[in-house]
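Undergrad: Give the three-dimensional model of this entry:
(one chain, ligands or ions: 1)
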Amino acid sequence: MQATAIAHSNIALVKYWGKRDVKLNLPAVGSISITLDALSTKTKVQFDPNSTSDTLFLNGNESTGKELKRITTFLEMVRKRANLNMAACVESENNFPTAAGLASSASAFAALALASTEAAGLDLSENELTILSRRGSGSAARSIYGGFVEMHLGKNPDGYDSFAEQIEDKSYWDLRVLIAVTSEKQKKTGSTDGMTLSRDTSPYYKSWIGSSPADLNEMRQAIREKDFQKIGELSEFSCLKMHALALGSNPGLIYWNGTTVDGMHAIRELRQHGSEVYFTIDAGPQLKALCLPSDVDTVKKTLENIPGVQRVIHTALGDNARIIGE
Ligand code: PMV
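TA: Here you go, the predicted structure:
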């Protein structure tokens, strides 16, 4: 009745922002991401017939309140499916800052989906695991797979056609990401609240949804053709478009700090000097630079020299989520 799983975080090159159903956590747009080797969550789930309520330990500290509630709601789905009536102890460790735009919920819910279903004796396919992970966090569905991953929007109200699928595994292409950590504070507005606000108030919401299929088509094609420039340009476009949508909400959502903005300019300047590097940013202040292995040293040095950058994490592409023990 126990299992430990590891899942890697991911960053979207074509972003997800907006839900077509909040309760089932169905996205309003598809997305395409890459899975990141260096950022991972390890989660152990132990169902215990003697305990009466779920417990959660995050990086060694017991969590209660909202965080525990979110885990319990997720475990309820697993218990129902496995016909199980036992509380669980969940121990989860991230090797990166939680809730600061490094997509901790992605690796967290992918690892939880895998560990909890395994511990409950369910044998789910990867496709089913992506659908289950999505209920915890939209981007978590993509962390079930390594390499290049697409999350499908789907059409059905039940959400069973809203799943993630691997486009290519990590051996397809050695891309690198450098993450400039500019703040380790928890973000003020989580993605669910941010997405709801954008849907309800941003004048750009309709065009965001309408322009999404073209971005996805172009990104699929760029990956197929290994056209790095196209991938990079589309990533910046999708990122800035998502932030324009968020900034245009009322009240506007500003996920960046000054260092984030300096980083964007620094990356564009590097490009003018011949480095092939592009940025993307999620719902937080960290800047992620996408490049090829030959440019890693130059990009890393440049990012480290920007005042306000606390550290730079270098990562290659990561693997599928997997069971690593009892
Ligand atoms: O998975 P969520 O609900 O935390 O949303 C993720 C949203 C972004 O990270 C901003 C974009 C994305 O596609 O990952």
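
Undergrad: Same question for the closest residue to the ligand within the stretch 101-250 of the chain, what's its three-state structure.
TA: Closest approach between the stretch 101-250 of the chain and the ligand, counting by C-beta to the nearest ligand atom: Ser139, at 3.2 Å. (C-beta placed from N, C-alpha, C; glycine too.) Following DSSP: H, G, I helix; E, B strand; the rest coil, we place Ser139 in the helix state.

Undergrad: What residues sit buried inside the helix or strand harbouring Arg220?
TA: Counting by DSSP states H and E, the element that carries Arg220 is helix 205-224. Buried residues in helix 205-224, defined by neighbour count with 16 or more other C-beta atoms under 10 Å: Tyr205, Trp208, Ile209, Ser212, Asp215, Leu216, Glu218, Met219, Ala222, Ile223.

Undergrad: residues contacting the nearest residue to the residue of the stretch 101-250 of the chain closest to the ligand once chain neighbours are set aside?
TA: Distance criterion C-beta to C-beta, 6 or more residues apart in numbering; nearest residue to Ser139, sequence neighbours excluded, is Ala106 at 4.0 Å. By C-beta atoms under 8 Å, 6 or more residues apart in numbering, Ala106 lies in contact with Ala7, Ser9, Asn10, Ser137, Ser139, Ala140, Arg142, Ser143.

Undergrad: do Val45 as well
TA: Val45 touches Gln2, Ala3, Thr4, Ala88, Cys89, Val90, Leu112, Ala115, Ser116, Glu118, Ala119, counting by C-beta under 8 Å, 6+ apart.

Undergrad: Quick one, which of those residues are buried?
TA: Counted by 16+ other C-beta under 10 Å, those give Ala3, Thr4, Ala88, Val90, Leu112, Ala115, Ser116, Glu118, Ala119 as buried.

Undergrad: Model confidence for the first one, exactly?
TA: It refers to Ala3. What the model reports as pLDDT for Ala3 is 98.

Undergrad: Establish whether the helix or strand hosting it and the ligand are in contact.
TA: For Ala3, the host element (DSSP H and E) is strand 2-14. Yes - counting by C-beta under 6 Å from any ligand atom, the ligand has neighbours in strand 2-14: Ala12.

Undergrad: Next, the angle from that strand to helix 205-224.
TA: Interaxial angle of strand 2-14 relative to helix 205-224 (axes from the mean of the first three to the mean of the last three C-alpha atoms, to 10 degrees): 100 degrees.

Undergrad: just checking, what packs against strand 2-14?
TA: Counting contacts by 3 or more C-beta pairs under 8 Å, 6 or more residues apart in numbering; DSSP states H and E, strand 2-14 is packed against strand 31-48, helix 104-119, helix 205-224, helix 228-247, strand 277-280, strand 322-325.

Undergrad: Next, format the ones you listed as JSON lines and append mean pLDDT.
TA: Compiled in JSON lines, the helices and strands packed on strand 2-14 are given as follows (pLDDT from 0 to 100):
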{"stretch": "strand 31-48", "mean pLDDT": "97"}
{"stretch": "helix 104-119", "mean pLDDT": "96"}
{"stretch": "helix 205-224", "mean pLDDT": "98"}
{"stretch": "helix 228-247", "mean pLDDT": "98"}
{"stretch": "strand 277-280", "mean pLDDT": "98"}
{"stretch": "strand 322-325", "mean pLDDT": "96"}
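
Undergrad: Just put the ones you listed in TSV and tack on distance to the ligand.
TA: Formatted as TSV, the helices and strands packed on strand 2-14 follow (distance: least, C-beta to the nearest ligand atom, whole Å):
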stretch	distance to the ligand
strand 31-48	5
helix 104-119	5
helix 205-224	11
helix 228-247	7
strand 277-280	9
strand 322-325	20
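
Undergrad: ok, Gln229 - contacts?
TA: Neighbours of Gln229 in contact, by C-beta under 8 Å, 6+ apart: Glu276.

Undergrad: let's see 10 Å
TA: Ala222, Arg271, Glu276, Tyr278 (C-beta atoms under 10 Å, 6 or more residues apart in numbering).
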